[in-house]
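**Student:** sequence and predicted structure, then a few things I'm wondering about:
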Amino acid sequence: MLLATGIAFGGVALFAPAVASAGGFTKVTPSTLKYEGIRYWRKKASEAKIGSVGTKMTPVAGKNYFQKKQDAPSGIYDVTIDARTTISSSNANSWGVSAGASNVEGGITHTSNYKGTLTAYKMRIDLGNSRGDLRYETNRHNSHLKALEDEGSRGRLVSAVWILIAGNESKDECYSGDLTVTNGVWKVSTTASGCSSNSWTIAPGSIIAYEMVKVDKWDNHELSERPSCSSGYSYETRTSPATPMDRCKKVTYDYTSVKCKLLVTDKAKNWYVSAKSGRDVCKSKKGKPNKSVKCSKSSYSYVSQSGKDTCKKAKETYKDPYCPVGYDYDKKSTSNSGVDQCYLRGIDSLKPDSQDGF
């Protein structure tokens with residue numbers, strides 16, 4: 001399979017002012033592509049990798065376009081094909097694109113002389129909140145979410161691209177599957193049967209148009225998690241108005257020995273502690289009756305054990321619970337049986353970008 005790439009002639013890409021009814025596309029210009037009444041962006045299409053985050057640029061002189069800031073995280077999105085149309089190579093050449101970049105996995109060599117029919121596929125990520133969808137996965141990858149949030153009102157995600165392919169698989173499912181991005185190179189792995197390959201490496205030059213989406217609504221409590229404690233600490237819920245924040249507690253013990261419980265008239269050198277089942281006893285070297293034993297330090301608790309008994313004193317240390325990176329801590333949460341909560345400001349909904357500025 002050959003994936004198409006942009007071809008420049010004499011350093012300038014050639015485009016027709018407009019192409020009517022080009023295999024299902026009702027309008028094609030250097031800045032827009034129209035299909036079934038929907039317009040898609042074309043300017044800087046090679047940078048508009050699916051799933052990537054960036055900024056919508058709105059120059060005073062010129063058409064709007066997507067400026068990529070960050071590629072999609074690796075291996076998280078599911079992509080599907082929801083539209084396709086065929087075009088002639090002559091129409092493609094008039095737009096400044098032609099079959100010229102190979103599918104890396106297939107090892108097909110470079111050719112700029114392809115004369116057959118080209119197929120344009122619309123590859124998209126669902127905007128929903130299920131695993132593999134754009135909203136769901138962006139909310140769960142903090143660096144990607146933050147990159148989008150940092151761009152403010154101009155922040156955009158690429159949710160769909162039109163890719164130009166020299167060749168035609170028997171079914172659209174051959175180009176649907178898991179999207180993997182590695183060092184800016186992205187490929188789709190499919191489990192569909194009857195395909196000539198189970199993975200396609202998509203060359204940036206194959207992208208002839210793209211769709212941008214923006215955040216329709218943010219939700220300060222989009223995701224919630226229970227705070228965590230460091231290893232060795234246990235979680236302790238607190239509900240007092242004076243100390244509303246939960247805490248993490250770690251208990252360690254200091255140990256000391258036991259000694260004979262003697263009278264002031266007893267000579268210590270004549271007595272010794274003898275281990276026995278149950279509580280140890282103090283025995284006399286002179287044959288006197290046994291005496292009891294006690295802890296050698298005050299405020300320690302006596303511990304009976306096999307072998308010689310011991311005494312211990314608990315020491316409690318405390319730390320604050322912590323949230324996952326990017327989450328805000330809420331110490332006054334009234335949900336979850338009084339346990340504090342971690343909340344993430346995330347995407348509540350996405351919507352396609354406005355159809356203007358083409």
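**Tutor:** Right, received. Where do you want to start?
**Student:** distance check, Arg131 against Ile125.
**Tutor:** Distance, Arg131 to Ile125, by Cβ to Cβ, to the nearest Å: 12 Å. Yep, even glycine has a C-beta here, placed from its N, CA and C like the rest.
**Student:** residue ranges with poor pLDDT in this structure?
**Tutor:** Within the chain, the segments meeting pLDDT under 70 span 1-23, 75, 89-117, 166-171, 181-184, 204, 333-336, 357-358.
**Student:** go again with 80.
**Tutor:** Within the chain, the set of residues satisfying pLDDT under 80 comprises 1-23, 74-76, 86-119, 165-188, 192, 194-206, 332-338, 355-358.
**Student:** in space, not sequence, find me the middle residue of it.
**Tutor:** Central residue of the chain (Cα atoms, centre = their mean): His141, 2.1 Å from the mean position.
**Student:** list the residues that contact the closest residue to that one other than its chain neighbours.
**Tutor:** The shortest distance from His141 to any non-neighbouring residue, by Cβ to Cβ, 6 or more residues apart in numbering, is to Pro73 (4.7 Å). With contact set as Cβ atoms under 8 Å, 6 or more residues apart in numbering, Pro73 has these partners: Gly51, Glu137, His141, Ser143, His144, Val181.
**Student:** now swap in Ala72 and tell me
**Tutor:** Ala72 is in contact with Lys49, Ile50, Gly51, Ser52, Val53, His144, Leu179, Val181, Trp186, counting by Cβ under 8 Å, 6+ apart.
**Student:** element containing the nearest residue to it once chain neighbours are set aside?
**Tutor:** Using Cβ to Cβ, 6+ apart and skipping the chain neighbours, the partner closest in space to Ala72 is Gly51 (2.9 Å). Using DSSP states H and E, Gly51 is not contained in any helix or strand.
**Student:** ok, Gly51 touching Arg124?
**Tutor:** No - using Cβ atoms under 8 Å, Gly51 makes no contact with Arg124, being 10.3 Å away.
**Student:** which SS class is Lys146?
**Tutor:** At Lys146 the chain is in helix, as set by DSSP: H, G, I helix; E, B strand; the rest coil.
**Student:** for the lengthiest strand in the chain, buried residues please.
**Tutor:** When the chain is parsed with DSSP state E, its longest strand is strand 207-225. Within strand 207-225, the residues that count as buried by 16 or more other Cβ atoms under 10 Å are Ile207, Ile208, Ala209, Tyr210, Glu211, Met212, Val213, Lys214, Val215, Glu222.
**Student:** quick check: the farthest pair among the residues you listed?
**Tutor:** Ile208 and Glu222 (34.0 Å; Cβ to Cβ).
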